[in-house]
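> Sequence and predicted structure below; questions after.
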Amino acid sequence: MKKIPSFTIDHIHLLRGIYVSRRDEVGNEIVTTFDIRMKEPNREPALSPSAIHTMEHLAATFLRNHPVWADKIIYWGPMGCLTGNYLVMKGELESKDILPLMQETFRFIAEFEGDVPGATARDCGNYLMMNLPMAKWEAAKYLHEVLEQATEANLQYPQ
């Protein structure tokens, strides 16, 4: 059985940050998958399902409407382990290329006021599982503690 590349990453030493998880060729395009790691795996509590679900709605809306990057966004969604999100984008990109975009995204979430986009019974399969205050708190924590102070250790997987 083929090994899944993401299962070979040293999660014991993995920090919060932005990492290139994989690159795939799709037709004539390169697609880059990013690991947007908000929690240190197995060392701090995972994100709550309601907070990460809210962040999913807000980040996807923000990214798909971004004036510069919208055409490169393919997917934003939570990791099953609830320690972060995956961002899939067109192009052969590096973590440092999207650091400013992630700063904008998490600032948007941290400062968001109003109704969460798509949080209705008609638009979402579990619209009641939302927690905007916790999503804002987690986004601000990640923004200020990681994204605004990122070093190479937060942008390159541990070896």
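In hand now; what should we look at? Residues are numbered from 1 along each chain as shown.

> got a list of what the residue lying closest to Lys90 once chain neighbours are set aside touches?
Nearest residue to Lys90 in three dimensions, chain neighbours excluded: Lys72, at 4.6 Å (Cβ to Cβ, 6 or more residues apart in numbering). For every residue, glycine as well, the C-beta is placed using N, CA and C. Applying Cβ atoms under 8 Å, 6 or more residues apart in numbering, we find Lys72 in contact with Met89, Lys90, Gly91.

> Quick one, grab the pLDDT at the first one.
Same thing as Met89. On pLDDT, Met89 comes in at 98.

> which SSE is it in?
Following DSSP states H and E, one finds Met89 within strand 84-90.

> ok, then the element right after that strand?
helix 95-111.

> re the thing from before, gap between the residue nearest to Lys90 and Leu58?
19 Å (Cβ to Cβ, to the nearest Å).

> Wait, a strand at Thr32?
Yes: counting by DSSP: H, G, I helix; E, B strand; the rest coil, Thr32 falls inside a strand.
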